[in-house]
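Visitor: Could you look at this predicted model? Sequence included:
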Amino acid sequence: MNKSDIRILIVDDVSELRAFLTGCLKQLGFTNVSQAKDGINAMQQLKKTARDIVFLDIEMPKQNGIDTLKEIHQLNPETFVIMLSCHSSLENVKEAISSGASGFIVKPFSSDKVKESLLHFTKNYVKKRRQEAAKKEIWGE
């Protein structure tokens, strides 16, 4: 899988943050990036086209990030979701992780933090592919 094959969705109600994150991702070589302004719009997009990675704000109007996260995982449990929040309280982090988040980034953040989250995705992706290959090799499935 190439960086251009990885489908990313950024969900945040602040357009400047979506633009900043899109810029960070493009600098890192990820070109298949789309945006949603809220959880409802995100789910509409995800029902049409699956994404590999979703950067998801916790606090948004209409539908919060935790509820959206739960819907994402009902639709596609394999989606790697990185939560975004201005509030890094232990309660926020615990709720996000227990609801299925793969990572958590505190706002404001740098492109280095984005890269760190993407490296975490890469490790999980490689691990899963190795497990699938081993299963196929051993069991022929």
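Guide: Arrived safely, thanks for sending.
Visitor: Can you get me the start-to-end distance on stretch 49-58?
Guide: 22 Å (C-alpha to C-alpha, to the nearest Å).
Visitor: Rounded mean pLDDT for that stretch, please.
Guide: The average pLDDT for stretch 49-58 rounds to 95.
Visitor: separation between the spatially most central residue of the chain and residue 75?
Guide: Nearest to the mean C-alpha position of the chain, by C-alpha atoms, centre = their mean, lies residue 54 at 2.4 Å. For residue 54, the distance to residue 75 (C-beta to C-beta, to the nearest Å) stands at 11 Å. All C-beta atoms are positioned from the backbone trio N, CA, C, and that covers glycine.
Visitor: joint contacts of those two?
Guide: Residues touching both residue 54 and residue 75 (C-beta atoms under 8 Å, 6 or more residues apart in numbering): residue 46.
Visitor: Could you list the buried residues of the biggest helix by length in the chain?
Guide: Counting residues, the longest helix found in the chain (DSSP state H) is helix 111-139. For helix 111-139, the buried set under the neighbour-count rule, 16 or more other C-beta atoms under 10 Å, comprises 113, 114, 117, 118, 121, 125.
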